[in-house]
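# Give the three-dimensional model of this entry:
(chains A, B and C)
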Amino acid sequence: MPVQIKLNDVQKQAVETVDKPVLIFAGAGTGKTRVLTAKIAHLIKNEKYSPESILAATFTNKAAGEMKSRVKKIVGPRASKVNIGTFHSICARILRYEIDELGFNPNFAIYDAADQLSLIKSIINSNKIPVDGMTPNAIRGRISLAKNSMAESKLDNKSPSPVDRAAALVYPIYTKALKENNALDFDDLLLFPLKVFKKNPAILKKYQEQFKYVLVDEYQDTNHAQFLLVKLLAEKHNKITVVGDDDQSIYGWRGADISNILDFEKAFPGCKTFRLEQNYRSTQTILSAASTMVRNNEHRAEKELWTEGIAGASIGLMETFDELEEAEGILELLEREIVNKKRTFNEFVILYRTNAQSRALEDALRRRGITYKIVGGVRFYERKEVKDLLAYLRLIVNTVDTVSLKRVVNFPPRGVGVKTVEKCEKYSRKKGISLLASTADPDAFDLKGKPAEGLKDFNSLIAKYAELLPKLSAAELSGAVVDELGLVSFYKEQATTEATEQLANVQELLNSIDDFCKENPKTGLREFLEEVSLLTDLDNWNQDSNAITLMTTHAAKGLEFPVVFIAGMDEGLFPLARYMDCTEELEEERRLFYVALTRAQDRVFLHYATNRRRFNGIYGMGYASKFIHEIPEENLERITFRSSVTRKLVRGKAGKYKLKQVRTVTNFDDLERGDKVEHKVFGKGMVLSVNGSGENQKISVIFRGDIRKKLIAKYANLKRL
DNA sequence: AAGGTAGCGGTTTTT
DNA sequence: CCGCTACCTT
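Residues are numbered from 1 along each chain as shown, chains lettered A, B, ... in the order given. Next comes the predicted model:
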């Protein structure tokens, strides 16, 4: 049964205007996904576009998936034929077909930041590049930014900037090495289709013919390469709709160019612009606070968001002593919301500027036994044990990938060290063969003993599975590789909690390969590897599971939650200190804060700490972020944190301040097994077991509904019944 | 020549 | 607080 989408007047016009380019300024919460979805459905149902002639580009897989499923609800199974995907996945798909144009093999690997870094390190070492104190990571960042903004020529080895000079020296060797490894980095995924189109206009023409209508989400975040792609693909039919909000442009640091949206009319003459200004998400209070605050930016298109919704509660503001109290304060407010407003865990998100801030929050959540889900930080596919297995699979698919080879040639340990690899490299260069080929015959360069045997074993394993690749499914092949490597016993023998977790992650990877094979029966390992390279943590997250979500504000873009906590509203942290004196960068930080505020439907709580630890010491005497002062006083409500523990700063040796716990206010009686207790969130329960006493008493409690929790009595705030 | 351990330095955000 | 490099031991 087709679902009819309800649209307001402006939304309806934006959907039905299909004869000229359309730019939609869509403020936060004004229903931009709804409009895009409705437009795709409209094109198919009323304008008779075939699903495969429509191209819709997003920035995250999550947004793409969301759009796909919504279109499916309206037009039915045909929706799966619509080309909806992230820029990177759309480009990867095109390149699998066309990359031989550029002398690459379609089995190319996709290198993530860690792979790039290891390649760059080996380039610096083997070419003795004078890096002038620049870290490989800084060089990697500089090269990436240059590629993103298509300004590689700005990398000049006589530049006054030392990063530029180092990057200029590394860049050509890096490019050559990628080609030798038959590998592309993330930036190449966007740049290479442009090269193909330029080299062979017939290919461009083919895609122009195929994509008769182009739609782009989050247009404010496009960089120059993405702009050119969109422009090239759409210019034949001139049928294009882009949606974006310049106030939510937060990716300038990775090359996004806000002028793409501000100058859309220049690039697509005769375009029609629509402004969606009715907000369906937030209360008036939140909306007015956010709008007032963002008006401090000069470089923006004027707009006025409004809502028919209720005024809503004030924005809470809490000052705490340090990040530990900040976490306690957040959880106190959170428990209050749960008790008084009957909210569930999935209605909350805790946002922060940097991933490192999650730690204190995690500890506090764990202590209270509250389920939480972290998005970002070290991603699943970036974990060492996962990358190790993936490296084997990548090497089997693409046998010239030396980054993957070097990663696992001695994992699990088989007696092949740095020196041995160096000998292989020397030999392979001399003979003009691949690094993998050189491992087949170590006798040829007088290698004996354990290293030689190790190399031979490694080589025959890879050769064996490279041959089996077309005959086995991805799941069968990876299972066999894990068996042959003896990974299960490798981790089990270590008998540490870490190794147990690593083994579990390896199993999980195998499971996900299995799932992928079931969902995509016609595809193989190559497609799986492509998918995981482009997958993010957010893609595995779902709002339905009953857990509190923690993530950076960047990751939260496009999402909404009833209650939003913003941690770390300290001057110097948000905005980050390094961005405070450059107007342009400060404006981007302000937009980021705008994104954070506008995620909320009902309630926002802002938190800052006056003593935040960074690295190991105390991070100065802090105060509230300037952004807090940009929120109208009448929208704010100060909330005092009642601390159970008092801490103060004590001057230690070398003038360094140290934190000292002065006194504990709460006294509580020790609990005993069998005690009946009541918990603010989990309700009534009974103590099952007790460990220790006083401050450190740990208890395990069974609550109603067979919920078992391990708690630290001090933090659990249990009421004895 | 590998493999283990002790100090050091570095940190924003991500497809 | 974690990861990497430099050294020391096997």
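# switch to C-alpha atoms for all contacts and neighbour counts from now on
Fine.
# which residues sit in contact with the residue in chain A that DNA strand B sits nearest to?
Nearest residue of chain A to DNA strand B: A:Gly417, at 3.1 Å (C-alpha to the nearest atom of the strand). Going by C-alpha atoms under 8 Å, 6 or more residues apart in numbering, A:Gly417 touches A:410, A:451.
# who in the stretch 251-400 of chain A is up against DNA strand B?
If contacts are counted using C-alpha under 7 Å from any atom of the strand, the residues of the stretch 251-400 of chain A sitting beside DNA strand B are A:251, A:253-254, A:353-356, A:376-377.
# In chain A, which helix is the longest?
Taking residue count as the measure and DSSP state H as the definition, the longest helix of chain A comes out as helix A:497-519.
# if I look at A:Asn83, how far off is A:Glu47?
Remark: distance between A:Asn83 and A:Glu47 (C-alpha to C-alpha, to the nearest Å) = 17 Å.
# So these two - more neighbours on which side?
Neighbours per residue (other C-alpha atoms under 10 Å) separate A:Asn83 from A:Glu47, with A:Asn83 holding more: 19 against 12.
# That one is in contact with A:Ser50, isn't it?
No: because the distance of 10.9 Å does not satisfy C-alpha atoms under 8 Å, A:Asn83 is recorded as not touching A:Ser50.
# Check which helices and strands the lengthiest strand in chain A sits against.
Among the elements of chain A assigned as strand by DSSP state E, the one spanning the most residues is strand A:600-614. With contacts defined as 3 or more C-alpha pairs under 8 Å, 6 or more residues apart in numbering; DSSP states H and E, strand A:600-614 has these neighbours: helix A:284-294, strand A:315-322, helix A:323-341, strand A:561-566, strand A:617-619.
# Quick one: list the elements packing against the longest one.
Other elements packing on helix A:323-341 under the criterion 3+ C-alpha pairs under 8 Å, 6+ apart are strand A:315-322, helix A:358-367, strand A:600-614.
# how about that helix: buried residues?
By neighbour count with 16 or more other C-alpha atoms under 10 Å, helix A:323-341 contains the buried residues A:323-331, A:333-335, A:337-338.
# want to throw the residues you listed into JSON lines with distance to A:Ala114 and pLDDT?
Shown next, in JSON lines, are those (distance: C-alpha to C-alpha, whole Å; pLDDT from 0 to 100):
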{"residue": "A:Glu323", "distance to A:Ala114": "30", "pLDDT": "84"}
{"residue": "A:Leu324", "distance to A:Ala114": "31", "pLDDT": "84"}
{"residue": "A:Glu325", "distance to A:Ala114": "35", "pLDDT": "87"}
{"residue": "A:Glu326", "distance to A:Ala114": "33", "pLDDT": "90"}
{"residue": "A:Ala327", "distance to A:Ala114": "31", "pLDDT": "90"}
{"residue": "A:Glu328", "distance to A:Ala114": "35", "pLDDT": "88"}
{"residue": "A:Gly329", "distance to A:Ala114": "36", "pLDDT": "91"}
{"residue": "A:Ile330", "distance to A:Ala114": "34", "pLDDT": "92"}
{"residue": "A:Leu331", "distance to A:Ala114": "35", "pLDDT": "90"}
{"residue": "A:Leu333", "distance to A:Ala114": "39", "pLDDT": "92"}
{"residue": "A:Leu334", "distance to A:Ala114": "37", "pLDDT": "90"}
{"residue": "A:Glu335", "distance to A:Ala114": "39", "pLDDT": "87"}
{"residue": "A:Glu337", "distance to A:Ala114": "41", "pLDDT": "90"}
{"residue": "A:Ile338", "distance to A:Ala114": "41", "pLDDT": "88"}
